[in-house]
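**Student:** The sequence and its predicted three-dimensional model are supplied below.
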Amino acid sequence: MLEVLLVTGPLGSGKTTVVNRLLKAELQRGGKVAVLINEFGSVSVDGVLVDAERPELADIANLVNGCACCSLKADVVKVLADWASLPGDRRPDRVVLETTGLADPTDLVDLEEDPALAGIRLAGCLTVISALAPLGHLEQKVLLRRQAGLASLCYVSKADLDPSMALAWESQLRSAFPGHAILRTRMGVAPEGGPDPWSGILPEAPAPAGGPSFAQARALTLRWDHPVDPDALEALFLRPPERGEVLRAKGVCAFQGWPARNDGSDRWAFQLADGRLEISPLPAPASGAPAPLAAVVIGLDLDHASWRQQLRALERPPAGARRKVPLA
């Protein structure tokens, strides 16, 4: 029997950090675990982050440019069915399915009923909500409320960055969903003795409600050819856009003037969420092939042409090199 754990939550809530901790725990206990990552955009940044930290996984599957709960659901079913049908020595015991932050997981809780997935069990739905998000989002964001309402376990992430906000979020969630198990986490790690994410009982899906949605959100993906200016990147992402709203940004880059680290990697991962820009080193992959340089910006009503120009302007080609100009 293949156990599948859904990990969901808003954009930038810290799902990939939690996923990495879950995978580490499974590997430490000697289990065979795989991960299926769904991302909004044509480059799987989260897949690169997971692969760099957990190269010993049974398998990694990336689904991009769609939502796992609707346009890519058939692909999810196919990947899970393929894994479930593998010989015993190659078949994973458990799968972590990380949805995009724009996904309503409601349509994924019936995976066990799909005829093609007779050999799987849905082990739970872990919803990750950032303590740094405005408290009003639980009432204002219909999607967030559905993600939280469907959880068998809720993590209030980044609790160490703002303990008072983490406590306020926990209190608000307990009031809205009295039967939920809710834990404050730090760097994706829950306190010892808490509920096992793999032993969840899913509540009934909350009733549909009106209100704003992210149906009009669009992702812009740009691949860089050269290192970028670190100060210019920070300035670009921390100032308000001229038009629209940036919901999330992330990517992999090399920085002008920053030498390779001791492991030989010159790659850095950047994440923009809740108004914070975080930069972290990206380890050299076991394969030796460096991660592609790319940025993904997800937003509402953004001027994509302007964003492409601004992202491209961050590049600092080495002396004598030229920028590559893609032809339409």
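**Tutor:** Received it, and whenever you're ready, just let me know what you need.

**Student:** going forward, measure contacts and count neighbours with C-alpha atoms only.
**Tutor:** Will do.

**Student:** Which residues are in contact with residue 243?
**Tutor:** Contacts for residue 243 (C-alpha atoms under 8 Å, 6 or more residues apart in numbering) come out as 301, 302, 303.

**Student:** so which of the residues you listed is the most crowded?
**Tutor:** For the contacts of residue 243, counting by other C-alpha atoms under 10 Å, the largest number of neighbours falls to residue 302: 20 neighbours.

**Student:** Now residue 166: closest residue in space, sequence neighbours ignored.
**Tutor:** residue 131 (4.6 Å; C-alpha to C-alpha, 6 or more residues apart in numbering).

**Student:** and the one you found, what pLDDT?
**Tutor:** Residue 131 carries a pLDDT score of 95 in this model.

**Student:** My guess is it contacts residue 171. True?
**Tutor:** No - at 11.5 Å, residue 131 and residue 171 do not qualify as touching, with contact defined as C-alpha atoms under 8 Å.

**Student:** Those two: which is more packed in?
**Tutor:** Summary of the neighbour comparison: residue 131 and residue 171, criterion other C-alpha under 10 Å, with residue 131 having more neighbours (27 against 14).

**Student:** any idea how far the more buried one lies from residue 183?
**Tutor:** Distance of residue 131 to residue 183, given as C-alpha to C-alpha, to the nearest Å: 11 Å.

**Student:** what do those two both touch?
**Tutor:** With C-alpha under 8 Å, 6+ apart applied, the overlap between the contact sets of residue 131 and residue 183 consists of residue 156.

**Student:** Do you know the pLDDT at residue 27?
**Tutor:** Residue 27 carries a pLDDT score of 89 in this model.

**Student:** quick one: it and residue 20 touch, right?
**Tutor:** No - in terms of C-alpha under 8 Å, residue 27 does not count as a neighbour of residue 20; the distance is 10.5 Å.

**Student:** Between these two, which is the more surrounded one?
**Tutor:** More neighbours sit around residue 20 than around the other of residue 27 and residue 20, counting by other C-alpha under 10 Å; the figures are 20 against 16.

**Student:** which SSE is the more buried one in?
**Tutor:** Of the helices and strands defined by DSSP states H and E, residue 20 is found in helix 15-28.

**Student:** who does that helix touch, helix- and strand-wise?
**Tutor:** Under the contact criterion of 3 or more C-alpha pairs under 8 Å, 6 or more residues apart in numbering; DSSP states H and E, the helices and strands touching helix 15-28 comprise strand 2-8, strand 33-39, helix 45-53, strand 94-98.

**Student:** Can you give me the buried ones in it?
**Tutor:** Going by neighbour count (16 or more other C-alpha atoms under 10 Å), the buried part of helix 15-28 is 15, 16, 17, 18, 19, 20, 21, 22, 23, 24, 26, 27.

**Student:** now stretch 255-265
**Tutor:** Of the residues in stretch 255-265, those buried under the neighbour-count criterion (16+ other C-alpha under 10 Å) are 255, 256, 265.

**Student:** before we move on, what about stretch 180-199?
**Tutor:** For stretch 180-199, using 16+ other C-alpha under 10 Å, the buried residues are 180, 181, 182, 183, 184, 185, 186, 188, 189, 190, 197, 198.

**Student:** Quick one: low-confidence residue ranges for the stretch 201-328 of the chain.
**Tutor:** Segments of the stretch 201-328 of the chain classed as low confidence (criterion: pLDDT under 70) are 204-215, 320-328.

**Student:** What ranges does it have for its strands?
**Tutor:** If DSSP state E, counting those that start in this stretch is used as the criterion, the strands of the stretch 201-328 of the chain fall at 218-223, 245-253, 268-273, 276-281, 294-300.

**Student:** Perfect, that will be all.
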